[in-house]
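K.L.:
Give me a model of this one.
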Amino acid sequence: MEFLVTMTTEVPAGTADEEVDAVRRREAARSHELAAGGNLLRLWRPPLNPGEWRTLGLFAADEADDLEALLASMPLRVWRTDEVTPLSPHPNDPELSGTGDGQEFLIAMTIAAPEGTPSEVVDDTMKREAQRARELAGHGHLKRLWDLRTETTARRTLGLWNAGNTAQMSTILESLPLYAWMTLEITPLAAHPNDPGGSP
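P.N.:
Numbering: from 1, shown residues only. So this is what the prediction gives:
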């Protein structure tokens, strides 16, 4: 099972720079071990305000308890809080690895057809969406796709996307058959020094 983890670190005031550096070195070593074991798949930096220390991580574990044990083994956990989002398989997931040549984006999509839309229109739009997803994956723009659990009738997905820039990403999203039914949350991603998926 895969999980998206938002990791927020707050170093206590007065902590010596040497101690911070030592913990960061141990964190890098532990991240390498978790990647080698197949548990840490990707790491990114989301947009940050001055003074913020936050990382997004894609992890694999058999279940939530196993993930917690992995997260607890990371040296920065002494100063860190973790927010875990379980990810479910999506039928259109291309399972592409590597960063590619462009900018990566993590995009959450809430999809809701307008009330009264005939079921055959919904089915046709979903089929065209799947075809477009395959085309975009073939061009390296759609790298991963997951289902997110929701308590409403709206469908939520999370995608890892790649584009040359923000403008191109917007054009790609507008080309999706489901675009008119989507509410988007777009997070541009920056490289993380410990990212195990940094090679295309």
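K.L.:
got the domain boundaries for this structure?
P.N.:
Using automatic domain parsing, the domain parsing of the chain gives 2-87, 90-190.
K.L.:
out of those domains, nearest to G197?
P.N.:
Nearest to G197, of all these, is domain 2-87, at 4.5 Å by Cβ to Cβ. Glycine gets a C-beta too; all of them are placed from N, C-alpha and C.
K.L.:
returning to that earlier point: would you single out the least confident of the domains of the chain?
P.N.:
Among the domains of the chain, domain 90-190 carries the lowest mean pLDDT, at a mean of 92.
K.L.:
thinking again about what came up before, please tabulate the domains of the chain in CSV, including the columns distance to P196 and mean neighbour count.
P.N.:
Conversion of the domains of the chain to CSV gives the following (distance: least, Cβ to Cβ, whole Å; neighbours: other Cβ atoms under 10 Å):
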stretch, distance to P196, mean neighbour count
domain 2-87, 3, 15
domain 90-190, 10, 15
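K.L.:
For the protein, which segments count as strands?
P.N.:
2-9, 40-45, 54-60, 80-89, 103-111, 142-148, 155-163, 182-191 (DSSP state E).
K.L.:
can you list these in TSV and add distance to E129?
P.N.:
Shown next, in TSV, are the strands of the chain (distance: least, Cβ to Cβ, whole Å):
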stretch	distance to E129
strand 2-9	21
strand 40-45	24
strand 54-60	23
strand 80-89	16
strand 103-111	9
strand 142-148	11
strand 155-163	10
strand 182-191	10
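K.L.:
For stretch 106-125, what is the distance to the chain centroid?
P.N.:
23 Å (Cα atoms, centre = their mean, to the nearest Å).
K.L.:
Stretch 169-179 now?
P.N.:
Centroid separation between stretch 169-179 and its chain, computed with Cα atoms, centre = their mean, is 19 Å.
K.L.:
Quick one: end-to-end length of that stretch, please.
P.N.:
By Cα to Cα, to the nearest Å, the extent of stretch 169-179 from end to end equals 13 Å.
K.L.:
Quickly list what the residue most central in space within the chain is bridged to.
P.N.:
Ranked by distance to the mean C-alpha position of the chain (Cα atoms, centre = their mean), the top residue is L106 at 5.1 Å. On the basis of DSSP bridges, L106 is bridged to L160, T187.
K.L.:
Touching, it and L160? I think so.
P.N.:
Yes. Between L106 and L160 a contact is recorded at 6.0 Å, counting by Cβ atoms under 8 Å.
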